[in-house]
Every structure is written in structure tokens, then in C-alpha cells.
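>>> Okay, sequence plus prediction incoming.
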Amino acid sequence: DEENRLKQEMILGLAGIRLISRLEISPDIFHCNEGHAAFIGLERIVRLMEIKKFTFAESLEVVRSSTLFTTHTPVPAGHDTFTESMMRTYLGHFPERFNITWEDFIGLGRIEQGNSSERFSMSHLAARLSQEINAVSNLHGEVTRKMFEKVWKGYYADELHIGFVTNGVHYQTWTAEVWQKLYLEVFGPKFLENQADTTYWSKIHSVPDERIWEIRNTLRKSLVDYIRHRLEKVSIQRHEPPKQIKEILQKLNDKTLTIGFARRFATYKRAHLVFRDLDRLAKIVNNPNRPVHFIFAGKAHPRDKAGQDLIKFIVEISRRPEFRGKIVFLENYDMTVARKMVQGVDIWLNTPTRPLEASGTSGMKATMNGVMNFSVLDGWWCEGYRSNAGWELPQERVYDDQNFQDELDAATIYDLLENEIVPLYYNVNDQGVPVDWIQYIKNTIAQIAPMFTTRRMIDDYYDRFYRILGNRASDMRANNYHMAREITRWKKKIAGLWDKIEVAEVLYSKDLSKPLRMGEEYTAEVVLKLNGLTPDDIGVELVMLSVSPNGDQEFVLKQEFSSVEKQNGHTRYRLGTIPTQPGVFNYGIRIFPKSVLIPHRQDFAYLKWI
């Protein structure tokens with residue numbers, strides 16, 4: 001329940017830092033994996049204030065400079081929130097330890113800091129206690145920026161300092177032993193040290209088709225034998241009719257095209273999609289010359305009634321006479337089942353509602369084993385899909401009505417199976433080898449697998465985040481944390497004088513309510529009275545948004561004014577801009593704080609619109 005969830009996250013975050021300290025480990029940076037671990041920032045602040053005698057603001061700067069926050073899901077249920085009363089019950093002593101007000105403390109986890117009805121979000125806390133934030137795929141990065149847009153008011157999603165590192169999977173854990181032996185033989189002894197290097201994987205094209213097909217047949221047979229054993233054992237335990245058991249086991253054929261679907265059964269993953277037209281599905285799986293197996297596995301969250309009902313639905317379908325031995329559901333999904341499936345099936349099916357699949361990793365595991373993906377262009381598959389190395393369901397929605405969209409996507413799946421995928425698999429040469437199918441396998445291994453290894457993922461984290469944070473944390477610690485004190489002083493000055501900034505004058509060279517000419521320069525001037533701040537503290541910029549026919553606005557660009565003169569207590573800023581693209585645009589002028597001390601704009605997200 002919610003209370004135990006909060007206790008778990010206190011243990012994970014607060015006790016986690018205490019454990020690391022007790023073990024005398026002193027990390028340079030901390031990687032907060034999902035909002036569940038966000039309390040690590042609170043405990044680190046406490047320790048800095050107690051041991052280093054820093055203020056709360058100084059401690060916050062040190063913690064932020066050395067923290068990366070990774071968010072994994074765009075689904076609201078994946079972001080834990082708690083009531084203010086529960087937070088007060090368990091963490092009510094923290095404001096006193098921080099020497100701040102309760103409102104300031106609870107505001108760390110809210111968008112509207114003074115909104116008492118807003119729940120405390122662990123993800124918002126993690127975002128406020130981290131210098132760097134990343135999503136787990138390129139597309140998820142776009143979704144995450146929109147999801148967190150309200151945290152930094154006045155900034156548009158495309159501007160936010162939120163990057164991405166696409167997930168990867170551990171090669172040795174998920175790749176079948178027979179493939180690992182082949183790869184080592186063909187790719188060479190240095191392959192394991194260079195798993196992200198495509199030049200090694202491309203050598204798969206030199207392997208004879210017959211050998212590739214032999215491996216795939218071996219792994220499919222191993223999976224089918226495993227399924228037979230599990231089904232027979234479970235059916236006997238349940239005292240199911242022996243005739244029905246025998247029928248299912250007889251229809252399972254290790255030569256049949258086998259499609260796998262295994263994951264957590266949340267409704268947005270749309271496991272029901274292939275069952276939209278049962279008559280058409282029955283014809284596909286029971287084609288006497290070109291049959292197809294569908295193997296399902298997975299679990300639903302204990303509180304996800306809809307997910308549980310979906311599993312029951314699939315099990316009921318699998319028991320119908322026309323689907324016995326053709327549609328199989330494997331219970332008690334675990335790593336053993338997952339490993340067997342990603343190694344043994346021919347195609348990995350993934351049908352999430354766009355864009356709710358943040359990344360996904362099961363399909364990556366399949367590619368290591370020469371298994372093709374047939375997936376919505378969502379999550380990692382947006383980056384992974386290659387022509388002639390798998391199949392795609394389009395990313396773009398055609399219908400706003402989800403039911404209509406599901407119907408269209410289901411029809412697309414049936415069409416591709418009937419007209420492309422199934423014929424490709426069963427079109428064999430005189431030796432019984434599907435040469436064109438093998439080419440898809442080789443393309444999958446050569447072009448997709450190396451891009452989604454743990455090696456590549458770790459390299460990306462280092463290049464995009466760990467190195468940057470390591471340098472920043474080192475600079476922050478230098479000279480007895482001099483930078484932390486400097487930043488704190490500067491931010492306090494800006495905060496105290498921000499509302500005193502006055503806009504004295506705004507001048508435009510042309511009437512901007514009338515059409516502008518492309519290629520012609522237009523100028524604008526803004527005169528500010530800074531009242532205690534310096535021109536170096538303040539930036540002024542033009543922001544332009546495109547306007548779509550339905551009225552939606554999309555960020556186009558921002559262009560900074562230059563400070564040109566200061567006289568009589570006023571500072572004049574000037575900008576010259578040349579329109580380069582046609583269209584209808586909205587524009588605004590923003591004032592923002594500037595300093596070489598801060599790593600990016602959202603680090604201190606004060607804004608004033610003119």
C-alpha cells in the first residue's frame with residue numbers, strides 16, 4: 001500500500017546513503033534510477049549540513065552538481081506521489097534539520113509550491129535535486145520533456161535540459177550459448193571487449209546460411225520442448241482432460257513459425273491486439289501449409305485488475321478448439337522463461353500504445369539471438385528498426401479514438417503476417433533453407449544487435465552524463481567548496497532583486513503585427529532598469545513559436561539580445577533578426593538570469609516575460 005511504499009523508498013534513499021557511508025564508499029556522482037530513490041538527495045543534504053556545516057542552499061548546490069536522475073516511464077502510475085499528511089508523518093522533522101520552512105520542503109516535490117492539494121511527487125523531487133536528467137530512449141526524451149514541462153514554468157518542452165540514453169541489455173546473460181560460441185569464432189577474441197563495434201557484428205554475413213538456420217532450428221526446438229514439458233506438468237496438476245492435453249502437445253511443432261509476446265501485462269502494451277479478428281487469426285495459425293504459433297507469457301501487477309483480466313482472456317482463447325496448440329500462454333513468467341523465449345522464437349511481437357513504451361528491452365535481447373522484431377515504432381524500436389531486419393507498425397496515430405486505432409493496427413499486423421512475414425519464412429530453397437529469411441536474421445544481428453548492448457549504454461552514460469557530472473563535482477569540491485558558496489550568494493542576490501527589474505522601454509524597427517519579409521533584417525531594443533543587478537547578471541532573448549492550423553504552438557527558436565550600452569541607471573539591449581522561414585509565428589521577449597557558474601538554464605529557472 002501507499003504507506004509501505006513510502007517506507008520502502010525511505011529505506012532505499014535515506015538508508016541507502018547511510019549504508020554507502022558505513023561501507024566507507026565515497027562516490028563522486030550519484031545516479032538516481034527512477035524517482036523511487038529520490039530521498040538520496042535529502043540524506044546527502046543532511047550529511048553535508050551536519051559534517052561540513054554548510055547551509056541548506058550550499059548543500060543543495062553540492063548535491064545537484066553530482067546527481068543524475070533517470071526516469072523510465074511516461075505512465076503516471078509509474079511516478080510515486082504521496083499526500084502531505086503522510087509526508088508530514090514520516091518526514092516532518094526534515095525542515096527543522098534543513099533550517100527551512102515546511103512549505104519550502106514540501107514544495108520540493110510539487111509543481112505549484114503553495115498548492116496544498118497537490119501531492120508530493122518523488123519524480124519532481126528527483127528532478128529538483130539533480131543537475132542532469134535523462135530518459136531511456138530518444139523518443140522517450142521527447143515525451144519526458146513534455147511531461148516535466150510544468151516544473152520549469154515559462155520554458156517550452158523543446159528547451160528543457162533533459163537528454164536520453166537508450167537502454168541496453170547484457171550480452172552474456174541473454175545470448176544463447178550456441179550463438180556466443182559462433183560469435184566468438186567468427187568475430188574474433190577481441191569481440192567481447194568491443195561489443196558496441198558494428199564492424200565485428202557485420203562479420204555474421206560471412207557465415208553460411210545453413211549454419212544460421214541450424215542454430216535457429218535448434219533453439220526453436222529447445223523452446224517447444226520446454227513449452228511441452230511445462231504445459232504437460234501444469235495440465236496434469238490441474239486435472240485437465242488428457243485428450244485436450246494430448247491435442248495441444250501434438251499441435252506444437254518445432255518447425256512452425258513461432259511468434260513471442262512476453263512482458264508485464266499492462267493494458268497499454270495491448271497484448272489483446274492480435275485477437276481483434278479471431279476468424280482471421282484462426283486462418284493464419286491453422287494454415288495447413290504455413291502454420292503459425294503465438295507464445296504469450298507475462299504477469300500483471302497485483303493491483304492491475306485490467307491486466308489480470310487480459311491474461312484470463314488470452315488463456316480462454318488458447319483453450320478454444322481452433323487455437324489449441326497454436327496460442328499458448330506460459331504462466332509464472334520469470335527470467336528462465338524470458339531467456340527461453342527471446343532465444344527460441346522467430347519473431348518478437350510488441351504492440352504498445354504510442355508513445356507509452358519508454359524503451360523496452362526484451363526485443364533487444366531477441367536481436368542478440370537472431371530473432372526479428374515486429375513492433376510499433378515506439379521506445380527503442382524507433383532507433384532500432386532497419387529495413388529488411390524486422391517489421392514496423394507506424395508511429396503516427398491515424399485516429400484519436402483508441403478503439404479505431406487498435407482496429408487499424410490489428411489489420412496491419414494481419415496483413416503483414418499473411419502477405420510478407422509468413423511467406424518469407426516458408427519460402428525455402430532445395431536444401432530447405434529460407435535464404436531471404438536468413439538475410440533478415442543476418443541484418444538483425446549485424447545492424448541492430450550492437451547498438452543495444454550494455455557496453456554501448458555505459459559508453460553513452462559516460463560521454464553524456466558521468467564525465468560532465470564528474471568534472472562539475474570536482475570543481476564544486478575545489479578550494480573547500482568555494483564554487484558552492486559563490487553560486488549560493490549569486491542566486492540569493494538574484495532572487496532578492498528579481499522583482500525590482502523594470503522594463504523602461506521596448507522598441508521595434510517595424511510594426512510586427514503586419515507581415516514581415518523573409519531575408520530582411522528587423523531590430524528590437526529593450527531598455528531595462530536593473531536596480532542593483534549588473535548587465536552580466538541578466539539575459540534578454542526573443543522567443544518564437546510556430547502556430548499550427550488547430551492553434552497549437554511549437555517552439556521554433558530563441559535568440560539572445562546583446563547588451564549595447566548602460567547610462568543613467570538603464571541598460572539597453574539590442575537584437576537584429578532576419579526571418580528565414582515562412583509561416584505564422586507568435587513571439588515574446590524573455591528576461592532570464594545569466595552566470596557562468598550555473599550549468600544550464602533550468603538550474604536557476606527564474607523568468608520574466610515582457
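Arrived safely, thanks for sending.
>>> any chance you could map the helices in the stretch 151-300 of the chain?
171-174, 177-187, 198-201, 209-237, 242-251, 278-285 (DSSP state H, counting those that start in this stretch).
>>> Show me what counts as buried in the third one.
Pointing back at helix 198-201 there. 200-201 (16 or more other C-beta atoms under 10 Å). No exception for glycine: its C-beta is placed from N, CA and C like everyone else's.
>>> quick revisit: which of the helices of the stretch 151-300 of the chain has the lowest mean pLDDT?
The minimum mean pLDDT among the helices of the stretch 151-300 of the chain belongs to helix 242-251 (a mean of 81).
>>> out of the helices of the stretch 151-300 of the chain, nearest to N332?
Within these, the stretch nearest N332 is helix 209-237; the backing value is 8.7 Å (C-beta to C-beta).
>>> Which of the residues in the closest one are classified as buried?
For helix 209-237, by 16+ other C-beta under 10 Å, it's 209, 212-213, 215-216, 219-220, 222-224, 226-228, 230-231, 235.
>>> about what we covered before: closest one to T83 among the helices of the stretch 151-300 of the chain?
Nearest of these to T83, taken as C-beta to C-beta: helix 171-174 at 39.9 Å.
>>> how about the CA coordinates for that closest one, as PDB?
C-alpha atoms of helix 171-174 as PDB (Å, rounded to 0.1, in the frame of the first residue of the first chain):
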ATOM      1  CA  TYR A 171      25.100  -9.800 -23.900                       C
ATOM      2  CA  GLN A 172      26.300 -12.800 -21.900                       C
ATOM      3  CA  THR A 173      23.100 -13.100 -19.900                       C
ATOM      4  CA  TRP A 174      20.600 -13.100 -22.800                       C
END
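>>> Mind giving me the packing neighbours of it?
Using 3 or more C-beta pairs under 8 Å, 6 or more residues apart in numbering; DSSP states H and E, the elements in contact with helix 171-174 are helix 335-344.
>>> I'd like to check the angle between the helix it packs on and helix 209-237, please.
Helix 335-344 runs at 140 degrees relative to helix 209-237, counting by axes from the mean of the first three to the mean of the last three C-alpha atoms, to 10 degrees.
>>> Give me the next element, helix or strand, following helix 335-344.
Downstream of helix 335-344, the first helix or strand assigned by DSSP states H and E is strand 347-350.
>>> That following strand pairs with which strands?
strand 257-262 (parallel), strand 372-376 (parallel) (DSSP bridges).
>>> how about the ones you listed, which one is nearest N480?
Going by C-beta to C-beta, the one of these nearest N480 is strand 372-376, 52.9 Å.
>>> Give me the buried positions along the closest one.
Going by neighbour count (16+ other C-beta under 10 Å), the buried part of strand 372-376 is 372-376.
>>> Quick one: mean pLDDT over the very next helix or strand once past it.
Downstream of strand 372-376, the first helix or strand assigned by DSSP H and E is helix 381-384. Averaging pLDDT along helix 381-384 yields 96.
>>> ok so, going back, with the buried residues of strand 372-376 in mind, which one is nearest to D1?
Nearest to D1 among the buried residues of strand 372-376, counting by C-beta to C-beta, is V376 at 33.6 Å.
>>> contacting residues for that closest one?
350-352, 354, 357, 392-395, 409 (C-beta atoms under 8 Å, 6 or more residues apart in numbering).
>>> Show me the strands in the stretch 501-610 of the chain, by range?
For the stretch 501-610 of the chain, the strands defined by DSSP state E, counting those that start in this stretch occupy 502-508, 522-529, 538-547, 553-560, 562-567, 570-577, 585-593, 608-609.
>>> circling back: of the strands paired with strand 347-350, which approaches Q439 most closely?
strand 372-376 (11.0 Å).
>>> From E9, how far out is D254?
46 Å (C-beta to C-beta, to the nearest Å).
>>> and what of R22?
For R22, the distance to E9 - C-beta to C-beta - is 20 Å.
>>> And the two? Which one has more around it.
Taking other C-beta atoms under 10 Å, R22 and E9 do not tie; E9 has more neighbours (20 against 9).
>>> Kindly confirm my reading that the more buried one is in a strand.
No: E9: not assigned to a strand; according to DSSP: H, G, I helix; E, B strand; the rest coil it is helix.
>>> thinking again about what came up before, pipe the helices of the stretch 151-300 of the chain into TSV and attach distance to I162 per row.
Converted to TSV, the helices of the stretch 151-300 of the chain look like this (distance: least, C-beta to C-beta, whole Å):
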stretch	distance to I162
helix 171-174	29
helix 177-187	36
helix 198-201	28
helix 209-237	39
helix 242-251	49
helix 278-285	41
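>>> Can you say which of those is nearest to R145?
That would be, of these and by C-beta to C-beta, helix 198-201, which comes in at 29.3 Å.
>>> now for that closest one, which elements pack on it?
Looks like helix 198-201 contacts no helix or strand (3+ C-beta pairs under 8 Å, 6+ apart).
>>> got a list of contacts for that helix?
Under C-beta under 8 Å, 6+ apart, the answer for helix 198-201 is 187-188, 190-191, 194, 445-447, 449-451.
>>> hey, C-alpha coordinates of that helix in PDB?
Extracted in PDB, the C-alpha atoms of helix 198-201 (Å, rounded to 0.1, in the frame of the first residue of the first chain):
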ATOM      1  CA  THR A 198      29.400  -2.900 -35.700                       C
ATOM      2  CA  THR A 199      32.500  -4.000 -37.600                       C
ATOM      3  CA  TYR A 200      32.600  -7.200 -35.500                       C
ATOM      4  CA  TRP A 201      28.900  -8.000 -35.800                       C
END
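>>> Contacts only, for the closest residue to I327 other than its chain neighbours.
Excluding the flanking residues, the one nearest I327 by C-beta to C-beta, 6 or more residues apart in numbering is S318, at 4.2 Å. Going by C-beta under 8 Å, 6+ apart, S318 touches 296, 324, 327-329.
>>> Next: S474.
Contacts of S474 (C-beta under 8 Å, 6+ apart): D28.
>>> Roughly how far does the residue most central in space within the chain sit from Q447?
Centroid-nearest residue in the chain: V136, 3.1 Å away (criterion: C-alpha atoms, centre = their mean). Remark: distance between V136 and Q447 (C-beta to C-beta) = 21 Å.
>>> Now the helix ranked longest in the chain: buried residues?
Taking DSSP state H as the criterion, the chain has its longest helix at helix 467-497. For helix 467-497, a neighbour-count test (16+ other C-beta under 10 Å) marks 468-469, 472-473, 476-477, 481, 483-485, 487-488, 490-491, 494 as buried.
>>> where does this protein have its least confident helix or strand?
helix 242-251 (a mean of 81; mean pLDDT, DSSP states H and E).
>>> what does that helix contact?
With contact meaning C-beta under 8 Å, 6+ apart, helix 242-251 is reached by 228, 231-232, 235-236, 319, 324-326, 328.
>>> Taking these together, which two end up most distant?
Comparing all pairs in those by C-beta to C-beta, the longest separation belongs to I236 and K326, at 21.1 Å.
>>> Now do stretch 168-179: everything it contacts.
With C-beta under 8 Å, 6+ apart as the contact definition, stretch 168-179 has outside contacts at 180, 183, 192, 195, 215, 218-219, 339, 342-343, 361, 364-365, 368-370, 452-458.
>>> From the residues you listed, list just the buried residues.
180, 183, 195, 215, 219, 339, 342-343, 361, 364-365, 368-370, 452-457.
>>> any idea which of the contacts of helix 242-251 is closest to V285?
K326 (3.9 Å).
>>> what sits against that closest one?
Contacts of K326 by C-beta under 8 Å, 6+ apart are 251, 285-286, 291-294.
>>> Distance check, it against F120.
Distance from K326 to F120, by C-beta to C-beta: 49 Å.
>>> Alright, I will stop here.
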